[in-house]
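# no FASTA, just this:
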């Protein structure tokens with residue numbers, strides 16, 4: 001590039017930066033260096049030329065148009081949990097600066113900008129005794145969680161996060177603003193409920209809210225050596241058809257032991273018998289039961305998965321109830337981890353998630369699963385990465401008779417989209433070709449458009 005071209009490019013960048021009402025950080029600046037690795041998983045290559053923190057939707061439009069016209073690599077980040085929200089010598093749109101929340105207590109709905117974390121939204125809606133079902137960690141970004149489906153503690157009783165999405169505002173690859181809902185664009189809303197990061201920058205969501213204030217929680221911790229029997233009994237019990245949707249279980253195999261969180265979305269009187277039944281399985285080293293605020297439940301494991309570490313994970317689904325053979329494979333795999341820096345996490349599904357929905361309602365593919373399982377490792381150093389990846393592959397392979405699919409929010413990126421989006425894959429490819437034919441939005445669990 002000659003000096004005139006360089007000067008011209010510099011002028012274009014300067015004009016763009018001056019047009020943004022929010023903040024723009026340029027590569028090489030001190031503020032850029034301080035912010036580039038402010039993310040959950042730093043085991044990524046992320047070298048944008050510009051980081052844009054938009055103040056409003058007009059800034060988002062300008063960022064999309066500038067990136068498209070200059071043919072820049074483009075990515076969006078909010079809660080910074082996604083390992084694909086990176087770009088190379090392009091523009092990184094950090095939408096975490098957009099956090100407005102408006103609760104309508106009368107209609108039990110909320111309009112929330114997508115820069116919010118789960119905790120931001122929970123704290124605001126809890127003032128009204130209302131909530132949406134979301135994830136497990138409060139510092140997770142609401143945008144990414146929702147667009148991938150949204151699995152969490154209350155999925156069995158209230159559905160996926162995206163099941164509760166009734167509309168959104170989107171900036172498409174042309175820089176056009178679209179209002180998406182059942183009336184205006186049902187097919188795009190279908191795609192957004194499970195594969196949404198492929199179709200545009202979502203700047204706000206509209207969710208229906210549910211009355212949720214407190215939950216009844218039982219916490220039971222077992223030594224690794226004695227956990228097989230109680231987990232087997234729990235697997236049998238949790239999959240019993242008489243167990244209500246309001247009961248869900250989160251199982252964490254960690255250095256502290258095997259932790260079972262039995263959660264009843266209701267009162268102590270309603271849930272006590274179910275939680276006490278789970279308390280009778282085996283001999284837990286820790287056994288406690290109490291009503292706690294839902295907001296507190298959502299923060300309980302925040303400090304176990306802090307920002308700023310190198311993580312590796314994979315998250316397939318389990319077809320049926322937990323059984324002794326499956327549990328033995330999982331416990332044995334945990335004990336064989338090459339660096340002992342891992343956790344294996346299981347989320348109880350079924351219930352509302354499994355209830356039939358129309359094929360054109362949601363692009364989330366794995367509603368018939370009983371659990372989602374996550375193999376999560378902290379990478380102590382780069383030299384450990386190959387053995388950690390191999391451990392992940394090995395444990396997944398051993399569980400393959402029981403597993404299927406993969407979850408876009410916890411995938412390691414090695415699975416084809418047919419595994420992630422299942423029966424929806426072909427339709428999503430058609431919609432991607434229609435709504436993003438250039439694959440402008442590609443730094444995600446990407447669906448490639450059909451090329452002419």
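Nice, thanks for sending it over. Quantities reported herein were computed from a predicted structural model and do not represent experimental measurements.

# Quick check: the most centrally placed residue in the chain vs residue 207, distance?
Taking CA atoms, centre = their mean, the centroid of the chain lies closest to residue 145, which sits 3.2 Å from it. Plainly put, residue 145 is 12 Å away from residue 207 if you go by CB to CB, to the nearest Å. (Glycine included, C-beta is placed from N, CA and C.)

# what sits in contact with each of the two?
Each of residue 161 lies in contact with both residue 145 and residue 207 under the rule CB atoms under 8 Å, 6 or more residues apart in numbering.

# For stretch 101-119, which outside residues touch it?
Outside stretch 101-119, the residues that touch it by CB under 8 Å, 6+ apart are 78-79, 95-100, 120-121, 124-125, 127-128, 130, 132, 134-135, 137-143, 145-146, 166, 202-210, 295, 298-299.

# Inside strands: which ones of those?
Using DSSP state E, the subset of the contacts of stretch 101-119 located in strands is 130, 166, 202, 203, 204, 205, 206, 207, 208, 210.

# Please enumerate the helices of the stretch 201-350 of the chain.
Taking DSSP state H, counting those that start in this stretch, the helices of the stretch 201-350 of the chain run over residues 228-238, 268-279, 294-297, 324-335.

# Next, format these as a markdown table and append distance to residue 247.
Below are the helices of the stretch 201-350 of the chain laid out as a markdown table (distance: least, CB to CB, whole Å):
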| stretch | distance to residue 247 |
| --- | --- |
| helix 228-238 | 8 |
| helix 268-279 | 5 |
| helix 294-297 | 14 |
| helix 324-335 | 20 |
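
# Of all these, which one is nearest residue 214?
Smallest distance to residue 214 across the helices of the stretch 201-350 of the chain (CB to CB): 6.5 Å, for helix 294-297.

# following the lowest-mean-pLDDT helix or strand in the chain, which helix or strand comes up?
None of the helices or strands of the chain scores lower by mean pLDDT, DSSP states H and E than helix 3-19, at a mean of 75. Downstream of helix 3-19, the next assigned helix or strand under DSSP states H and E is strand 23-26.

# and that next one, what other elements does it pack with?
Where contact means 3 or more CB pairs under 8 Å, 6 or more residues apart in numbering; DSSP states H and E, strand 23-26 is packed against helix 3-19, helix 30-35, strand 50-53.

# partners of it in the sheet?
The sheet places strand 23-26 alongside strand 50-53 (antiparallel), with pairing taken from DSSP bridges.

# Could I get the buried residue list for the next helix-or-strand element following the strand it pairs with?
For strand 50-53, the following helix or strand on the C-terminal side (DSSP H and E) is helix 57-69. By neighbour count on 16 or more other CB atoms under 10 Å, the buried set for helix 57-69 is 57, 59, 60, 61, 62, 63, 64, 65, 66, 67, 68.

# coming back round to it: can you flag the buried ones in the contacts of stretch 101-119?
Buried among the contacts of stretch 101-119 (16+ other CB under 10 Å): 78-79, 95-99, 120-121, 124-125, 130, 132, 134-135, 137-143, 145-146, 202-210, 295, 298-299.

# quick one: low-confidence parts of this structure?
Where the chain drops to pLDDT under 70, the residues are 1-8.

# cutoff 50 now
The chain contains residues with pLDDT under 50 at 1-7.

# Just give me how far stretch 21-40 sits from the chain centre.
24 Å (CA atoms, centre = their mean, to the nearest Å).

# quick one: contacts of that stretch?
Here stretch 21-40 has contacts from 13, 16-17, 46-56, 58-59, 77, 79-81, 85, 94, 97, 139, 305, 307-309, 311, using CB under 8 Å, 6+ apart.

# Need the buried ones from these selected in ChimeraX.
Entered in ChimeraX, the line below selects the buried ones among the contacts of stretch 21-40, by 16+ other CB under 10 Å:
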select :13,16,46,48,49,50,51,52,53,54,59,77,79,80,81,85,94,97,139,305,311
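
# what's the burial count for the nearest residue to residue 406 once chain neighbours are set aside?
Among residues not flanking residue 406 along the chain, residue 415 sits closest, at 4.3 Å (CB to CB, 6 or more residues apart in numbering). By other CB atoms under 10 Å, the residues close to residue 415 number 18.

# Which of the three states applies to residue 415?
coil (DSSP: H, G, I helix; E, B strand; the rest coil).

# For the nearest residue to residue 78 once chain neighbours are set aside, list the residues it contacts.
Distances taken as CB to CB, 6+ apart put residue 141 closest to residue 78, at 3.7 Å, once the chain neighbours are dropped. Under the criterion of CB under 8 Å, 6+ apart, the neighbours of residue 141 are 77, 78, 79, 80, 81, 82, 96, 114, 115, 116, 117, 118.

# All set, thanks.
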